[in-house]
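Participant: structural data only, the sequence is not supplied:
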């Protein structure tokens, strides 16, 4: 089955273990009893629009599709299930019939254990070629998770087996390799420039319909706090139609640049409801070299628990911060990098290396992308004065995600009072 969260309302849009091409119904919408109305006497027929702006917009969509589509692939996965059948000699008549049914299909049980391996064509998703020379394809981790076999079908119809090079559950990314020539790769754009209202195109294989393109706008940026099982969020939200099978496909701007990777949808039905989420290209660019190395993804770590200023505005104002950005530190782990550098509960982190911090998710991404051992300058507001602290980033502990899921409910060390206690459930561990 597909992964669900938030009581069935949040779906990953492609997953190993799910046959995404059915069931669904294709309905013919034409009504033969309805005909185009004839113009009234003396009324001029409406001419097709020749507005230059409309035609140029259409050409922009077409150009983007022509640039990106050859680098979009369909990914199918299969898993092998193991079941145990009765051995010769002791089975009942019914068990004997079951055994014979499997044998007629070429599935012979092991002589000693009775186990038989059954291939299960279980999932479909999408991907994008990020390195044509190396045959490297980026997709979501949940598309290929648990797969025994992975197959890739290209835009030109060629199909190849794929090898899993690396995967990262926390960011929901995976890198595949195929042995193929004549490949085209996508161009990664700058997701930091993305603004609400921008036109976007979503590519992929929704419900198994390969090489499908839908369009919409950017509905929100920096979307976090969802119950999607991806720790690093900060998603781009779009109303472009995204369905199961779109996962791993690119979300692109009208220049044909990839600004995100389609990952999940919010829905009550399992189908598109106009709320889709894409991993931003900035995170792809940060992690792609590490994925290519084949080594385990290592992330930077500060060791604090914090929450967004915009969630607790009154508290931030009381601490002397008037802007609607930044994060308030709730707790500091004494032996972690932030604690060693002098970061305190009640500090408001407003900058990292001189660049403004917008949200906890923004800070989380930037710290996680820092190599352990590097030093970053953390700009804080403390007692209504700005301070700059040098923090040497440490390696994120292996159990960090487990700690994050449990919420690190240690005693509070600030003096923000009753309002801070009420906001406790909004505070989440960050690197």
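Facilitator: Perfect, thanks for sending it. This is a predicted model, so every value here is computed, not measured.

Participant: and the strand ranked longest in the chain, what does it pack onto?
Facilitator: What stands out as the longest strand in the chain, according to DSSP state E, is strand 115-131. Judged by 3 or more C-beta pairs under 8 Å, 6 or more residues apart in numbering; DSSP states H and E, strand 115-131 is in contact with strand 72-84, strand 136-139, helix 141-144, strand 199-204, strand 257-266, helix 281-293. Any C-beta I mention is one placed from the backbone N, CA and C, and that applies to glycine too.

Participant: adjacent strands (with direction) for that strand?
Facilitator: Using DSSP bridges, strand 115-131 pairs in its sheet with strand 72-84 (antiparallel), strand 136-139 (antiparallel).

Participant: buried residues in it?
Facilitator: Using 16 or more other C-beta atoms under 10 Å as the test for burial, strand 115-131 gives 116, 122-131.

Participant: with stretch 306-319 instead?
Facilitator: Applying 16+ other C-beta under 10 Å to stretch 306-319 flags 306-309, 311-312, 315-316, 319 as buried.

Participant: could you tell me whether residue 367 really is in a helix?
Facilitator: Yes: under DSSP: H, G, I helix; E, B strand; the rest coil, residue 367 sits within a helix.

Participant: is it correct that it is in contact with residue 304?
Facilitator: No: taking C-beta atoms under 8 Å as the definition, residue 367 is not a contact partner of residue 304, at 9.5 Å.

Participant: who's more crowded, the two?
Facilitator: Between residue 367 and residue 304, counted using other C-beta atoms under 10 Å, residue 304 has the larger neighbour count: 29 against 23.

Participant: helix, strand or coil: sort out the closest residue to that one other than its chain neighbours for me.
Facilitator: The spatially closest residue to residue 304, leaving aside those adjacent along the chain, is residue 338, at 4.8 Å (C-beta to C-beta, 6 or more residues apart in numbering). Here residue 338 is recorded as helix under three-state DSSP.

Participant: i'd like the first residue to be 47 from this point on
Facilitator: Renumbered: residue one is now 47, and that last one reads residue 384.

Participant: so what's residue 384 scoring on pLDDT?
Facilitator: Note on residue 384: pLDDT of 94.

Participant: any idea how far it lies from residue 247?
Facilitator: The gap separating residue 384 from residue 247 is 41 Å, by C-beta to C-beta, to the nearest Å.

Participant: quick one: pLDDT of the residue nearest in space to the middle of the chain?
Facilitator: Closest residue to the average C-alpha location of the chain: residue 309 at 3.6 Å, with C-alpha atoms, centre = their mean. In this model, residue 309 is scored at 95, pLDDT.

Participant: contacts only, for it.
Facilitator: Taking C-beta atoms under 8 Å, 6 or more residues apart in numbering, we find residue 309 in contact with 58-59, 186, 218, 274, 276, 281, 293, 323-325.

Participant: any idea how far it is from residue 249?
Facilitator: Taking C-beta to C-beta, one finds residue 309 at 13 Å from residue 249.

Participant: what's the answer for residue 149, then?
Facilitator: Separation of residue 149 from residue 249 (C-beta to C-beta): 44 Å.

Participant: so where's the protein uncertain?
Facilitator: Counting by pLDDT under 70, the chain contains low-confidence ranges at 47-86, 95, 131-142, 144-145, 148, 151-153, 156-158, 160, 165-167, 447-477.

Participant: what domains does the record give for it?
Facilitator: Listed domain ranges for the chain are 47-66+99-118+170-191+199-343, 346-476 (source: automatic domain parsing).

Participant: how far off centre is the first one?
Facilitator: Pointing back at domain 47-66+99-118+170-191+199-343 there. In terms of C-alpha atoms, centre = their mean, to the nearest Å, the centre of domain 47-66+99-118+170-191+199-343 is set 7 Å apart from its chain centre.

Participant: what's across from residue 304 in the sheet?
Facilitator: Residues in beta-bridge contact with residue 304 (DSSP bridges): residue 234, residue 298.

Participant: does residue 300 touch residue 106 like I think?
Facilitator: Yes: in terms of C-beta under 8 Å, residue 300 counts as a neighbour of residue 106; the distance is 4.5 Å.

Participant: name the residues contacting each of these two.
Facilitator: By C-beta under 8 Å, 6+ apart, the residues touching both residue 300 and residue 106 are residue 245.

Participant: what's the distance between the residue nearest to the centre of the chain and residue 414?
Facilitator: Counting by C-beta to C-beta, the separation of residue 309 from residue 414 is 17 Å.

Participant: how about residue 391?
Facilitator: For residue 391, the distance to residue 414 - C-beta to C-beta - is 22 Å.

Participant: more neighbours: the two, which one.
Facilitator: Using other C-beta under 10 Å as the criterion, residue 391 and residue 414 rank with residue 414 on top: 25 against 18.

Participant: ok, and the closest non-adjacent residue to the more buried one?
Facilitator: Once flanking residues are discounted, residue 414 sits nearest to residue 345: 4.1 Å by C-beta to C-beta, 6+ apart.

Participant: which residues are in contact with that neighbour?
Facilitator: 216, 413-415, 441-442, 477.

Participant: how about residue 331?
Facilitator: Residue 331 makes contacts with residue 234, as judged by C-beta under 8 Å, 6+ apart.

Participant: quick one: the helices in the stretch 247-396 of the chain?
Facilitator: Using DSSP state H, counting those that start in this stretch, the helices found in the stretch 247-396 of the chain span residues 327-339, 359-364, 383-387.

Participant: of those, give the one that comes closest to residue 191.
Facilitator: Residue 191 sits nearest to helix 327-339 of all the helices of the stretch 247-396 of the chain, at 15.0 Å, using C-beta to C-beta.

Participant: which positions in the closest one come out as buried?
Facilitator: In helix 327-339, counting by 16+ other C-beta under 10 Å, buried: 327-334, 336-338.

Participant: pull the most distant pair out of the residues you listed.
Facilitator: Maximum pairwise distance among these (C-beta to C-beta): 17.1 Å, between 328 and 338.

Participant: roughly how far apart are residue 293 and residue 262?
Facilitator: Per C-beta to C-beta, residue 293 is found 17 Å from residue 262.
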